[in-house]
Each structure stands twice: as C-alpha cells, then as structure tokens.
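Colleague: Here's a sequence, model it:
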Amino acid sequence: MPHQAVLFDLDGTLADTAPDMAAALNALLQEEGRAPLPFARIRPRVSHGGRALIELGFGLGEDAPEYPRLRERFLALYRDMLANETRLFAGMPELLDALEARGLGWGVVTNKPGWLTAPVMAALGLARRAGCIVSGDTTPHAKPHPEPLLHASRTLAVAPGACLYVGDAERDIEAGRAAGMATLVARFGYLGEDDRPEQWGADGQIELPGEVLDWVGGSA
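Modeller: Now for the predicted structure:
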C-alpha cells in the first residue's frame with residue numbers, strides 16, 4: 001500500500017550539511033594546532049554527529065578528559081557557520097513540492113539537537129513547511145530508538161505503518177523498522193566505504209530523492 005507521509009533524516013538525507021560541519025571541524029583543528037582534514041575524509045562521518053567528528057579529528061572518545069571542551073567548541077563554531085554552504089540535495093526541492101502537491105505530509109526526524117536543527121530548517125526555508133520537526137532532544141530518546149519516529153507519526157496524525165522514513169545511516173533504518181515504518185536508504189547521503197546498506201534491512205535504496213515518489217500515494 002502506498003505510504004501517506006514521508007519522514008526524512010536531516011544531515012545527509014534532506015540536506016547536504018557536510019560542507020559547514022567539515023568547515024567547523026577544520027576550524028577547530030586549526031585552533032588546536034592541527035592540520036585540517038580533507039573533505040572526503042570528513043563527509044562520511046557527518047551523519048554520525050559531533051561525537052564522530054571529534055573522534056575523527058582528534059582520536060578521542062567521549063570518555064577522554066578533553067572531549068567535552070572540544071565538543072562544546074566544535075558546536076559553537078558550527079552554530080556560527082551552519083547555513084553558509086548547507087543546501088537541499090539536488091532533486092529534494094522538487095520532491096517536497098511533489099509531496100505537497102499530492103496532499104502528503106512530510107517531516108524531519110534527526111538526532112541533531114533542536115538548537116541547531118531549528119536554524120538549519122529556517123535557513124533552508126522549511127521551518128513552516130515541515131509537518132513536524134523532531135530533533136535529538138525532542139523526546140527522551142534519540143535514534144536508533146523508535147520514539148522520535150513515533151512522535152513524528154503522532155504529530156502528523158498518520159499511523160506508523162503508513163509512514164516512510166528515509167535516512168542514510170544504519171541507525172535510521174533500525175529506528176524506522178522498530179517504529180513499524182517502511183524505510184529507504186538514501187545512497188546519495190553520507191555513506192562510508194565500510195557501510196553495508198544492503199545488510200541494514202531497509203525496504204529499498206534510492207539513488208535520487210525523486211525515487212521516493214515510487215513509494216507514496218496521494219493524487220497529483
């Protein structure tokens with residue numbers, strides 16, 4: 001049965017946020033007297049958030065004494081540049097227009113904290129268009145827990161089984177499946193060489209945003 005609402009992960013699915021997040025990491029590295037990293041090394045880690053980027057740049061886990069200071073500074077740097085180069089992925093504006101033309105709801109479910117998610121969505125001109133925006137701190141749990149997705153379905157007033165969740169990380173697919181939603185892997189997102197999306201149990205994989213339309217209902 002065609003799905004009646006589409007939910008998107010933010011970083012690496014709805015929007016290409018990697019240039020600004022990479023710039024923030026490299027600014028921090030330079031502040032700390034380290035050499036910047038090539039964008040190609042940073043991009044595959046962006047969907048995993050600040051923790052993964054600090055680990056990449058400094059080789060430190062969350063238990064390292066320096067980690068809290070570095071993460072706080074990284075987020076401060078990113079906050080000041082989060083809309084410099086961030087754009088919707090090619091084909092995404094047309095997809096959102098098509099979903100709305102079909103009378104279908106859509107929204108965002110991300111692990112990004114709300115104080116960063118809100119300005120990104122506003123800068124993209126989507127804050128008022130999205131039927132729901134669920135951030136990493138909207139509910140007591142973040143993905144891969146299903147609660148953020150269930151919260152989104154309640155907000156849209158669409159049963160979980162009638163929702164389609166699109167993401168580019170394994171935790172997106174895990175969360176969607178646990179919520180009882182169909183799931184798609186956005187292969188245009190931030191997949192790394194070690195990712196094996198064919199093993200994540202998604203219902204499908206897409207190379208372009210417009211392919212979502214093959215999975216939804218509504219009347220054009």
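Colleague: For the residue located most distally from the centre of the chain, give its distance to residue 58.
Modeller: Most distant residue from the mean C-alpha position of the chain: residue 33, 30.2 Å away (Cα atoms, centre = their mean). Using Cβ to Cβ, to the nearest Å, one gets 11 Å for the distance from residue 33 to residue 58. No exception for glycine: its C-beta is placed from N, CA and C like everyone else's.
Colleague: And residue 132, by the same measure?
Modeller: 35 Å.
Colleague: try residue 112
Modeller: Here the criterion is Cβ to Cβ. By it, residue 112 lies 21 Å from residue 58.
Colleague: These two: which has the busier surroundings?
Modeller: Per other Cβ atoms under 10 Å, whichever of residue 112 and residue 58 has more neighbours is residue 112, with 22 against 19.
Colleague: How confident was the prediction at that one?
Modeller: Turning to residue 112, the model gives it a pLDDT of 96.
Colleague: And the one 5 residues further on, by the same measure?
Modeller: Here, the pLDDT recorded for residue 117 equals 98.
Colleague: So which residues of the chain form strands?
Modeller: Taking DSSP state E as the test, the strands found in the chain are 5-8, 15-16, 87-88, 105-109, 132-134, 163-167, 182-186, 204-206.
Colleague: between those, which gets nearest to residue 46?
Modeller: strand 15-16 (9.2 Å; Cβ to Cβ).
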